[in-house]
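In: Build the 3D model from these lines:
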Amino acid sequence: MANAAGRITALSISPVKALRVERRERLLLEPGGARGDRAMFLIDERGRMVNGKHHPQLTAVVAQAGPNGTLSLELPDGRRVEQEAGLGEELKVRFYSKSRPARAIEGPFSEVLSAYAGAPLRLVAFADGASAIDRGAAGAVTLMSAASAEAVARAAGREAIDARRFRMTIEFDGVAAFAEAAWIGRELTVGAARIKPFGHVGRCSITTLDPERGLVDLPTLDILREIRGGAETTEPLALGVFCAVTTPGEVAVGDELRVVD
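Out: As a prediction, this is how the structure comes out:
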């Protein structure tokens, strides 16, 4: 039996890790995450993965994956490049603490992003096609209630904040703030899929960035330390939960979220 907990209010992905997250009306959830999410990522000249902590301005770049394997990048100044994102040479990259095989992405993308960031960057994808998700399959998708984001906004003295700064796959309403934090180990249904939270999402400096401009505009970590510092969580300064996909399926904005007994 599953008890209704709320409805999906927003879905988000980014084809390239570190670039702006974009809203979607529906997503296909698979064991590796939402299809198309974090399909590619960036490395520095030493082969190490980089993200918005290293280059905050990347948050302002919009990436869109198109049909037939194309990728487009739109920069804040309006420039846009689009081309087939073919797989190039094999590489060894450092993804957090692990060395993993990857393939370079061909096209103008690395050059454009390097010039924009002011540092040598290279666009790559894992050789096995896996998504560049921080926590692997156990954290294939992330989940946060609208009330949790609203609690942060209130603590900041604002009427609302753009919840995209938290880079969550699924946002929903219908529960009190931080209610999702109590669902660790319980299975949830979202649309036609089932997911299972395994831990709390500890937050970093990326959440302090305006999701449109990539500029610091909110002391998110200080706020979380104030309102969530005493909470028992699997990671510090947590907001939302990370989940495994136990049953693949499609989820759409407006679908019910239910907690399975």
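In: Residue 152: what's it in contact with?
Out: With contact taken as CB atoms under 8 Å, 6 or more residues apart in numbering, residue 152 is in contact with 161, 220, 223-224, 227, 239. For glycine as for every other residue, the C-beta is placed from the backbone atoms N, C-alpha and C.
In: As a markdown table, those with distance to residue 171 and pLDDT would be great.
Out: Below are these laid out as a markdown table (distance: CB to CB, whole Å; pLDDT from 0 to 100):
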| residue | distance to residue 171 | pLDDT |
| --- | --- | --- |
| 161 | 12 | 96 |
| 220 | 16 | 97 |
| 223 | 18 | 97 |
| 224 | 17 | 97 |
| 227 | 18 | 96 |
| 239 | 12 | 97 |
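In: Filter these down to the buried ones, PyMOL style.
Out: In PyMOL, the members of the contacts of residue 152 classed as buried (16 or more other CB atoms under 10 Å) are selected with the following command:
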select buried, resi 161+220+223+224+227+239
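In: and the contacts of residue 152 as TSV, adding secondary structure and distance to residue 206?
Out: As requested, these are arranged in TSV below (DSSP: H, G, I helix; E, B strand; the rest coil; distance: CB to CB, whole Å):
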residue	secondary structure	distance to residue 206
161	coil	14
220	helix	9
223	helix	14
224	helix	13
227	helix	19
239	strand	12
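In: any idea which of the contacts of residue 152 is closest to residue 125?
Out: Within the set of the contacts of residue 152, residue 239 lies nearest residue 125; the separation is 28.6 Å, counting by CB to CB.
In: Please tell me how far the closest one sits from residue 9.
Out: When CB to CB, to the nearest Å is applied, the distance between residue 239 and residue 9 equals 16 Å.
In: what does residue 189 give?
Out: 16 Å.
In: Name the residue in these two with the higher neighbour count.
Out: With neighbours defined as other CB atoms under 10 Å, residue 189 and residue 9 compare such that residue 189 has more, 21 against 16.
In: Contacts only, for the more buried one.
Out: Counting by CB under 8 Å, 6+ apart, residue 189 touches 2, 256-258, 260.
In: Quick check: which element contains it?
Out: Element membership of residue 189, judged by DSSP states H and E, is strand 188-190.
In: What residues of whichever helix or strand comes after that strand count as buried?
Out: Stepping forward along the backbone from strand 188-190, the first helix or strand reached (DSSP H and E) is strand 193-202. Of the residues in strand 193-202, those buried by neighbour count under the rule 16+ other CB under 10 Å are 193-201.
In: Turn the residues you listed into a markdown table, columns for distance to residue 117.
Out: As requested, those are arranged in a markdown table below (distance: CB to CB, whole Å):
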| residue | distance to residue 117 |
| --- | --- |
| 193 | 35 |
| 194 | 39 |
| 195 | 34 |
| 196 | 36 |
| 197 | 34 |
| 198 | 33 |
| 199 | 31 |
| 200 | 30 |
| 201 | 25 |
